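1. Could you look at this predicted model? Sequence included:
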Amino acid sequence: MAFVSKKQKAITIDREKLHSVDEAIALARAGATSKFDETIEVAMNLGVDPRHADQMVRGVVTLPKGTGKTVRVGVFAKGAKADEAREAGADVVGAEDLMELVQGGTIDFDRCIATPDMMGVVGRLGKILGPKGMMPNPKLGTVTMNVGEAVKAAKGGQIEYRVEKAGIIHSGIGKASFPAEDLRANFDALMDAIVKAKPSGAKGKYVRKVAVSSTMGAGIKVDVAEVAAA
């Protein structure tokens, strides 16, 4: 059973009731009573088995109202592309020197971007960056010659989503301090991206369950019928 604070006890949540998206967001915001600005999170159960390549759901989406988080971006690039990355606001830029820092245990960034010519260097970091979900990937736009554009996207509200083993996607859609309409805009952008990313191998109903919560709050079930061209 989830721990419920005294303040949260004043907010009654029927764990079985299905709510509209707007109701769920409102309840999650109301339940975010911690001293820090909690993240509003979405959990989706999808009708996929990601152990099969044709059922993997993974991609990036730009949340139109931002994430509310400061994202540190690391870029593997040389020469003019390194300068481009710095000008775009990259926090850490390097090549072999950055590889050595990461190998030594210093990972001073949240997102990682690389130019294609640097993937021979970055490839040596697969066992470190891979488990953290930070390995650059051309399908996600993080292996690119357009490093300036990629840095700005990463800092401007772009997030990566990836289905977990149990067929669940977890993603933040902003902070509890965001206006409700901003959280709804971000929710809609995430949902639209995931629906469009429906893999060829998905059978039956694709979006099966959706819940909204704050970092410390209970999950609030969303009526999937409302979101479901799914």
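-> Yes, it's here.
2. In contact with the closest residue to residue 212 other than its chain neighbours, which residues?
-> Nearest non-adjacent residue to residue 212, counting by Cβ to Cβ, 6 or more residues apart in numbering: residue 24, 4.0 Å away. C-betas here are computed from N, CA, C, even on glycine. When contacts are counted by Cβ atoms under 8 Å, 6 or more residues apart in numbering, residue 24 touches 211-212, 220-222.
3. So which residues of this structure form helices?
-> 6-9, 21-30, 79-88, 96-103, 119-122, 126-129, 147-155, 180-196 (DSSP state H).
4. Flag whichever of the ones you listed has the least confidence on average.
-> Across the helices of the chain, helix 6-9 has the smallest mean pLDDT, namely a mean of 46.
5. remind me which residues of the protein are low pLDDT?
-> Within the chain, the segments meeting pLDDT under 70 span 1-15, 228-230.
6. Strands of that one, residue ranges please.
-> 39-46, 58-62, 73-76, 92-94, 111-114, 158-162, 168-175, 207-214, 220-222 (DSSP state E).
7. Make TSV out of the ones you listed and add mean neighbour count and distance to residue 132.
-> Converted to TSV, the strands of the chain look like this (neighbours: other Cβ atoms under 10 Å; distance: least, Cβ to Cβ, whole Å):
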stretch	mean neighbour count	distance to residue 132
strand 39-46	22	19
strand 58-62	17	15
strand 73-76	27	12
strand 92-94	21	15
strand 111-114	27	9
strand 158-162	18	12
strand 168-175	21	15
strand 207-214	22	23
strand 220-222	22	29
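8. among those strands, which is nearest residue 140?
-> Closest approach to residue 140 among those (Cβ to Cβ): strand 58-62, 5.2 Å.
9. Run the angle between that closest one and strand 158-162 for me.
-> Orientation of strand 58-62 against strand 158-162 (axes from the mean of the first three to the mean of the last three Cα atoms, to 10 degrees) gives an angle of 160 degrees.
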